[in-house]
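Peer 1: Only the shape, not the letters, is given here:
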Ligand SMILES: C[S@@+](CC[C@H](N)C(=O)[O-])C[C@H]1O[C@@H](n2cnc3c(N)ncnc32)[C@H](O)[C@@H]1O
């Protein structure tokens, strides 16, 4: 947890490369902030959302980030907030447990602005991007399996599944075969070595995105278990939001948005008409959320012109009802998982 240790000011919260908050005004409006309200920002990053919530008088914020560098970059904001901000190095998948550990059993709002920050993308040594040559790492938290561990250690089938399901890369099998062939000669150590090999195997057209873009997305999602975290984080928000509390999620690609959309559809009872139950059929659980109309919200042309990284952002929001939280959702978990290829499940 971050406390006021009076350390020297970084250039900006989160480090020298500034992250421009995406859909900031829309996310803050969607939270419908109340004086005295307690909000959880599950993705602190450079603190853009947290700062905007704290600007609303009387609010308190619990902010989480799994990246120790993001936490270190937030010291000044913690100090400036004078007790209204608690910043914790943690995953948002267990955000309800984090809030309870801090004495909050019910929250007024939860915001998740998922994905990668500009600091993570633009610091070559983090290994998120092949625009810079850096170690093949991609771990937000610095813990667990790195991208190099997967590329040099996973079997061909798992690599192909990661590239296909998490990267939506149609040439996944061809790339996986080439990885497994080439790593016998020399393991992949750097981002640009892997990107150059992919460009050789699946050369793109000059105006297309770089041929390694999708593979890198797939590896990053696998390394950080991003989709499972999202499924867990949505369910955790459902457990800790008070009736009337607001859930606001900004996602950056179709895999994430599909999970948020499906979660809100299931939880708001869409498609589950109680009156049409057949005899013996179990009644669906009562809706635990009421989804906002006209979703998703996309960035304006002006925001995209000012910050092209906002291009693919989508915001969805909903209000927690009085109903109990639903049981774990297997269909949602399947959206986040790779196919089960263990013996007997093929
Ligand atoms: C897009 S940035 C958030 C930017 C932030 N809203 C701002 O305005 O500065 C996403 C942040 O979420 C963090 N993150 C991603 N997945 C996480 C998870 N499962 N738990 C906690 N933090 C996570 C990343 O480390 C990164 O700092």
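Peer 2: Yep, that arrived. Since the structure is predicted, the reported quantities are computational estimates derived from the model, not experimental observations. Residues are numbered from 1 along each chain as shown.
Peer 1: Give me the distance between the two termini of stretch 23-40.
Peer 2: End-to-end distance for stretch 23-40: 17 Å, by CA to CA, to the nearest Å.
Peer 1: Get me the contact residues on this structure for the ligand.
Peer 2: Contact residues, the chain versus the ligand (CB under 6 Å from any ligand atom): 19, 21, 42-43, 45-49, 64-67, 70, 91-93, 113-115, 117, 140, 229. C-beta: built from backbone N, CA, C; applies to glycine.
Peer 1: Which among those residues count as buried?
Peer 2: The neighbour-count criterion (16 or more other CB atoms under 10 Å) marks 19, 21, 42-43, 45-49, 64-67, 70, 91-93, 113-115, 117, 140, 229 among the residues of the chain next to the ligand as buried.
Peer 1: residues near residue 200, how many?
Peer 2: 11 (other CB atoms under 10 Å).
Peer 1: Now the host helix or strand of it: average pLDDT?
Peer 2: Under the criterion of DSSP states H and E, residue 200 resides in helix 191-201. What helix 191-201 shows for mean pLDDT is 96.
Peer 1: Kindly report the same for stretch 143-161.
Peer 2: The average pLDDT within stretch 143-161 is 97.
Peer 1: tell me which residues in that stretch are buried?
Peer 2: So, applying 16+ other CB under 10 Å, buried residues of stretch 143-161: 146-148, 150-152, 154, 158-161.
Peer 1: Stretch 328-346 too?
Peer 2: Counting neighbours by 16+ other CB under 10 Å, one finds that the buried residues in stretch 328-346 are 329, 332, 335-336.
Peer 1: Could you report the pLDDT at the residue lying closest to residue 98 once chain neighbours are set aside?
Peer 2: Excluding the flanking residues, the one nearest residue 98 by CB to CB, 6 or more residues apart in numbering is residue 90, at 5.2 Å. Note for residue 90: predicted pLDDT of 98.
Peer 1: show me what contacts residue 90?
Peer 2: 64-66, 98 (CB atoms under 8 Å, 6 or more residues apart in numbering).
Peer 1: again, but for residue 243
Peer 2: Contacts for residue 243 (CB under 8 Å, 6+ apart) come out as 320-322.
Peer 1: Give me the buried subset of these.
Peer 2: 320-321.
Peer 1: quick check, nearest of the contacts of residue 243 to the ligand?
Peer 2: residue 320 (20.5 Å; CB to the nearest ligand atom).
Peer 1: Ramachandran angles for that closest one?
Peer 2: When read as degrees, to the nearest 10, the backbone of residue 320 gives phi -70, psi 140.
Peer 1: Check the one 10 residues further on too.
Peer 2: Here is the backbone geometry of residue 330 (degrees, to the nearest 10): phi -70, psi -40.
Peer 1: how near is residue 60 to residue 40?
Peer 2: Distance of residue 60 to residue 40, given as CB to CB, to the nearest Å: 10 Å.
Peer 1: Of the buried residues of stretch 143-161, which pair is most distant in space?
Peer 2: Greatest spatial distance among these (CB to CB): 146 and 160, at 18.9 Å.
Peer 1: for residue 86, helix, strand, or coil?
Peer 2: What DSSP: H, G, I helix; E, B strand; the rest coil gives for residue 86 is strand.
Peer 1: Is it bridged to anything, and to what?
Peer 2: Under DSSP bridges, the beta-bridge partners of residue 86 are residue 62.
Peer 1: same thing with residue 109?
Peer 2: With DSSP bridges as the rule, residue 109 is bridged to residue 39, residue 246.
Peer 1: let's have the chain start at 58 instead
Peer 2: New numbering, starting at 58: the last item is residue 166.
Peer 1: For it, give me the pLDDT.
Peer 2: Confidence for residue 166, expressed as pLDDT, is 98.
Peer 1: For the ligand, what's its nearest residue on the stretch 208-357 of the chain.
Peer 2: residue 286 (3.7 Å).
Peer 1: tell me the contacts of that residue?
Peer 2: 148-150.
Peer 1: what do you get if the cut-off is 6 Å, keeping everything else the same?
Peer 2: residue 150 (CB atoms under 6 Å, 6 or more residues apart in numbering).
Peer 1: cool, and the one 4 residues further on?
Peer 2: Contacts for residue 290 were tallied using CB under 6 Å, 6+ apart; they are 149-150, 169.
Peer 1: Provide the secondary structure category for residue 390.
Peer 2: helix.
Peer 1: From what I see, residue 316 and residue 392 are in contact.
Peer 2: Yes - using CB atoms under 6 Å, residue 316 is in contact with residue 392, at 5.3 Å.
Peer 1: which residues does the nearest residue to residue 327 once chain neighbours are set aside form a beta bridge with?
Peer 2: Nearest residue to residue 327 in three dimensions, chain neighbours excluded: residue 348, at 7.8 Å (CB to CB, 6+ apart). With DSSP bridges as the criterion, residue 348 is bridged to residue 375.
Peer 1: these two touch, right, residue 348 and residue 323?
Peer 2: No - using CB under 6 Å, residue 348 is not in contact with residue 323; the gap is 10.6 Å.
Peer 1: No further questions, thank you.
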